[in-house]
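Peer 1: just the structure for this:
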Amino acid sequence: MDIGAVTSAPSPQSAAVNGMQDAQAQMAAAAETIAAGRLEPAVILDITSAELNFAANAKVLQAADDNTKRLLDVLA
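Peer 2: So this is what the prediction gives:
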């Protein structure tokens, strides 16, 4: 096994921000579809999915922030 080939995982903060950006893009695409006059059930599902994804990633970001604060408290 080549240990040099192992890549590090992204930090929770960067993963959460990327997820929030993806959710925002998904919401924007759904908004454009609605603005074009095509209100389909799939679009409503995309909006709901984007909302849930954004909220979940916001929770991850908050948890990472809380953990960082706890770590700093321990080290202080």
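
Peer 1: report the buried residues of stretch 51-61.
Peer 2: Under the neighbour-count criterion of 16 or more other CB atoms under 10 Å, stretch 51-61 has Asn53, Phe54, Asn57, Val60, Leu61 buried. For the C-beta atoms, the positions are set from N, CA and C on the backbone; glycine is no exception.

Peer 1: sorry, slip of the keys, the one I care about is stretch 42-51.
Peer 2: So stretch 42-51, judged by 16+ other CB under 10 Å, has buried residues Val43, Asp46, Ile47, Ala50.

Peer 1: what is the nearest of these to Ala25?
Peer 2: Among these, Ala50 lies closest to Ala25 (CB to CB), at 8.4 Å.

Peer 1: out of the buried residues of stretch 51-61, which are inside helices?
Peer 2: Asn53, Phe54, Asn57, Val60, Leu61 (DSSP state H).

Peer 1: and the nearest residue to the fourth one once chain neighbours are set aside, how many neighbours?
Peer 2: It refers to Val60. Closest residue to Val60 apart from its sequence neighbours, by CB to CB, 6 or more residues apart in numbering: Ala16 at 4.1 Å. Neighbour count for Ala16, taken as other CB atoms under 10 Å: 22.

Peer 1: so what's Ala16 up against?
Peer 2: For Ala16, the contact set (CB atoms under 8 Å, 6 or more residues apart in numbering) comprises Asn57, Ala58, Val60, Leu61, Ala64.

Peer 1: in a markdown table: these, plus pLDDT and distance to Leu72.
Peer 2: Below are those laid out as a markdown table (pLDDT from 0 to 100; distance: CB to CB, whole Å):
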| residue | pLDDT | distance to Leu72 |
| --- | --- | --- |
| Asn57 | 97 | 23 |
| Ala58 | 97 | 21 |
| Val60 | 96 | 19 |
| Leu61 | 95 | 17 |
| Ala64 | 93 | 13 |
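
Peer 1: what pLDDT does the residue nearest the centre of the chain get?
Peer 2: Nearest to the mean C-alpha position of the chain, counting by CA atoms, centre = their mean, stands Gly19 at 2.2 Å. For Gly19, the pLDDT comes out at 96.

Peer 1: I appreciate the help and will end here.
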